[in-house]
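Peer 1: A predicted structure for the sequence below; I have some questions about it.
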Amino acid sequence: MTIYYFRKMKKIISFLGIVLIILVGIFVYSRNLEPEINYESFNVVAPGVLRTPDERFKNLLDYPFEPNYLTIGDTRIHYLDVGPKDGKVIYLLHGQPAWSYLFRKMIPTLAQAGYRVIAPDMVGFGKSDKYLSIEDYSHQMHVNKMTQLIRELDLQDVTAHLHDWGGLVGFRVIAEEPDRFSSIIASNTSLIAPGRGFFRDLMTNISYPLFKLGIWFQGPATWEEFIGGGSFTGWIRYSRYTDNIDVGAVMQTLGNVTNNERVGYEAPYPNATYKAGAQIFPYLIPSELKKNERAYRDILEKWDKPFLIANSDNDPVTGNNPRMVEMLKRIPSAQEIIIEGPGHFIQEEAGPEYAQLIIDFINGNPKPFKKDRVVPDINL
């Protein structure tokens, strides 16, 4: 009787164990299962590639410019081409989470002065195509696409204006095609690199894994932590882990834009799925330190053409990270001026004045200026 009872209990326990294993397996599978996406609600133009519908860009404030497109690899790239075709080229490269809309207040001044303005949208931004997955975005991908655009348009004697992430990409583009560029102006940006020395060379190989580990360890940052903190990692943690980066709120916080202007910055993103590029951009900043250092040593440290650092005194990015400016001073011809008043997005708060600064720089006489900040009433 005891043996029979023992065998029966063993079968019951075994059965319950199998049921438990099955239930655990179902639970784990359901936790890891990606939610089913109805792609009919998205404008999918190729496997893994989205394109913002044109209707999203109709009647944007102060953005009457005709679109131009180049297909580069698996994506269609949008760029503005404004002004006389035989004019000296000014290349405007945006950062994150902006697009060529950022330069709408500058372009009329530059074009009326006889310059040809080229302002592309990087992949994931503006009217350019957007990858669905953050895994498809890399620093090198952006460099490759923007370099190819310069080559296909066969731009020569170019003045490059680089801002925010446009500096991290743009300096590398210049290092790929230095003979096409005649001068550089950089605002509130840098090219992050370790510098010279055995220890710094050694750290280059482990910096990005350590950086990613640190971001993972700190975890997500809330919107309130991002706008209230002085740490740049707060911005990275917010953008990397949020489900739906608030592009409009970022531009209102850092750029003093109105509600109507906010609509322009949100236009490229019908929903959160289109925002993978904007979400991952800050996380990529230290991803290619070795290549950045090589750009300095091979090209930028030998640069003898005009180069201007034009930062604003209310920029929280360069203001809280003085080493960003020191890195750029590795370029021998570096000049520095300070623009008083505007914050990170000078182009929004002082567009015409900033355009005139670029013209003065090209003519060999850049002058700093002051523009009082005007905070719009976003409740109107």
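Peer 2: Perfect, I can see it now.
Peer 1: What ranges in the stretch 1-150 of the chain fall below the confidence cut-off?
Peer 2: Within the stretch 1-150 of the chain, the ranges that satisfy pLDDT under 70 run 1-41.
Peer 1: Now do the helices in it.
Peer 2: 2-32, 107-112, 139-153 (DSSP state H, counting those that start in this stretch).
Peer 1: in this structure, which residue is closest to the centre?
Peer 2: For the chain, the residue nearest the mean C-alpha position is Gln96 (3.3 Å; Cα atoms, centre = their mean).
Peer 1: Contacts only, for that one.
Peer 2: Contacts for Gln96 (Cβ atoms under 8 Å, 6 or more residues apart in numbering) come out as Phe125, Asp164, Trp165, Ser239, Ala278, Phe281, Pro282. Using the backbone N, CA and C atoms, a C-beta is placed for each residue, glycine as well.
Peer 1: Scan those and report the most crowded one.
Peer 2: Counting neighbours by other Cβ atoms under 10 Å, Phe125 comes out on top of those with 31 neighbours.
Peer 1: For the helix or strand hosting Glu326, list every residue counted as buried.
Peer 2: Using DSSP states H and E, Glu326 falls within helix 323-328. Across helix 323-328, burial judged by 16 or more other Cβ atoms under 10 Å covers Met324, Val325, Met327, Leu328.
Peer 1: List the contacts of the next helix-or-strand element following that helix.
Peer 2: Along the chain past helix 323-328, the next helix or strand (assigned with DSSP H and E) turns out to be strand 334-339. Contacting residues not belonging to strand 334-339 are listed as 187, 306-313, 325, 328-329, 346, 350, 354, 357, 366-371 [Cβ under 8 Å, 6+ apart].
Peer 1: and the helix holding Glu326, what other elements does it pack with?
Peer 2: Counting contacts by 3 or more Cβ pairs under 8 Å, 6 or more residues apart in numbering; DSSP states H and E, helix 323-328 is packed against strand 307-312, helix 316-319.
Peer 1: any chance of these in a markdown table, with mean pLDDT too?
Peer 2: Below are the helices and strands packed on helix 323-328 laid out as a markdown table (pLDDT from 0 to 100):
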| stretch | mean pLDDT |
| --- | --- |
| strand 307-312 | 96 |
| helix 316-319 | 83 |
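Peer 1: Quick check: which of these is nearest to Asp136?
Peer 2: The closest of these to Asp136 is helix 316-319. By Cβ to Cβ, the value is 25.9 Å.
Peer 1: gap between the closest one and the chain center?
Peer 2: Distance of helix 316-319 from the chain centroid (Cα atoms, centre = their mean, to the nearest Å) equals 16 Å.
Peer 1: and the end-to-end length of stretch 155-174?
Peer 2: Stretch 155-174 has an end-to-end distance of 12 Å (Cα to Cα, to the nearest Å).
Peer 1: For it, list every residue counted as buried.
Peer 2: Buried residues in stretch 155-174, counted by 16+ other Cβ under 10 Å: 155, 158-174.
Peer 1: same thing with stretch 334-344?
Peer 2: Using 16+ other Cβ under 10 Å as the test for burial, stretch 334-344 gives Ala334, Ile339, Gly341, Pro342, Gly343, His344.
Peer 1: Nearest spatial neighbour of the fourth one, chain-adjacent residues omitted?
Peer 2: Nearest residue to Pro342 in three dimensions, chain neighbours excluded: Glu349, at 3.9 Å (Cβ to Cβ, 6 or more residues apart in numbering).
Peer 1: Contact partners for that neighbour?
Peer 2: By Cβ under 8 Å, 6+ apart, Glu349 lies in contact with Gly255, Asn256, Gly341, Pro342, Gly343, Lys371, Arg373, Val374.
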